[in-house]
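In: can't give you the sequence, but here's the structure:
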């Protein structure tokens, strides 16, 4: 079945460090891929997305590239800030004849230290 | 302001006492969904609705009911809550084929 696997956290980094959070997926068909972010006490919000192979999603300095050959969508940021501390979720969505199936990974907690 | 609202935000109840968590959206989105978030398990879909009067089971529907009588509302009903339904619940909406979901602020439910 369809699934998303992301690296377990927590990930602890110093401010201005480079961030990578790994995400791989298994899906039938051609999924769209997403990264959502959840700040403490809030709901999830979309960070970036990619809808087809080789697309690069980017937002707020974060980037992820849809790699069909490795079934991956790793999240990267060149220089993290304390304000990036949050839980990050990788997700996929498959549109099957107008029915949308959305699957989330287990989330990776990021803590950035000043 | 475009938003998804959930009520209540926090609820402590006892086993077997029926409860309803409401979800309302003002964005005219067709698709609505309920998730539960548990440590180590991420978000799991409970039910979803493609449009009014159209609902379907997600991955963990046991013990839950939903209804979609009007586009803006999608209540989650626990007829006989049990302690294993203690969780953080999120309602989400999606505008057709845009695929991006908009989440409510969450409802933290504790069943004793």
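Out: Cool, got the structure. Bear in mind the structure is a predicted one, so any value in this text is a computation, not a measurement.

In: neighbours of residue B:21, how many?
Out: Applying other CB atoms under 10 Å in any protein chain shown, we find 21 residues neighbouring residue B:21. Bear in mind the C-beta positions are built from the backbone N, C-alpha and C, glycine included.

In: does it fall in a helix, a strand, or a coil region?
Out: Put simply, residue B:21 is strand when judged by DSSP: H, G, I helix; E, B strand; the rest coil.

In: that one contacts residue B:76, correct?
Out: Yes: between residue B:21 and residue B:76 there is a contact under CB atoms under 8 Å: 4.5 Å.

In: overlap in contacts of the two?
Out: Common neighbours of residue B:21 and residue B:76, counting by CB atoms under 8 Å, 6 or more residues apart in numbering or on different chains, are B:89, B:91.

In: how about the residues of chain A near chain B?
Out: Counting by CB under 8 Å from any CB of the partner chain, the residues of chain A lying close to chain B are A:32, A:34, A:36, A:42-46, A:49, A:51, A:89, A:93, A:95, A:98-100, A:102-107.

In: just the strands in chain A please.
Out: A:3-6, A:11-14, A:19-21, A:23-26, A:32-38, A:44-50, A:56-59, A:62-65, A:75-77, A:86-96, A:99-104, A:108-113 (DSSP state E).

In: residues contacting the longest one, please?
Out: Contact partners of strand A:86-96, identified using CB under 8 Å, 6+ apart, comprise A:2, A:4, A:6, A:9, A:21, A:23, A:25, A:27-40, A:44, A:47, A:73, A:75, A:100-105, A:107-110, B:42-43, B:97, B:99.

In: just checking: what are the partner strands of that strand?
Out: strand A:32-38 (antiparallel), strand A:99-104 (antiparallel), strand A:108-113 (antiparallel) (DSSP bridges).

In: tell me the bridge partners for the most centrally placed residue in chain B.
Out: Residue closest to the average C-alpha location in chain B (CA atoms, centre = their mean): residue B:34, at 3.1 Å. Here residue B:34 sits in beta bridges with residue B:47, residue B:91, going by DSSP bridges.

In: wait, what's in contact with it?
Out: Taking CB under 8 Å, 6+ apart, one finds B:23, B:45-48, B:58, B:64, B:66, B:74, B:76, B:89-92 in contact with residue B:34.

In: I'd like the distance between the residue in chain A sticking out farthest from the centre and chain B.
Out: No residue in chain A sits farther from the centre than residue A:97, which is 25.2 Å out by CA atoms, centre = their mean. Distance, residue A:97 to chain B, using CB to the nearest CB, to the nearest Å: 11 Å.

In: would you state the strands of chain B in chain order?
Out: B:4-7, B:10-13, B:19-25, B:31-38, B:42-51, B:54-57, B:65-66, B:76-78, B:87-94, B:102-103, B:107-111.

In: redo these as JSON lines? Include mean pLDDT.
Out: Formatted as JSON lines, the strands of chain B follow (pLDDT from 0 to 100):
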{"stretch": "strand B:4-7", "mean pLDDT": "96"}
{"stretch": "strand B:10-13", "mean pLDDT": "97"}
{"stretch": "strand B:19-25", "mean pLDDT": "98"}
{"stretch": "strand B:31-38", "mean pLDDT": "96"}
{"stretch": "strand B:42-51", "mean pLDDT": "93"}
{"stretch": "strand B:54-57", "mean pLDDT": "92"}
{"stretch": "strand B:65-66", "mean pLDDT": "97"}
{"stretch": "strand B:76-78", "mean pLDDT": "98"}
{"stretch": "strand B:87-94", "mean pLDDT": "96"}
{"stretch": "strand B:102-103", "mean pLDDT": "94"}
{"stretch": "strand B:107-111", "mean pLDDT": "97"}
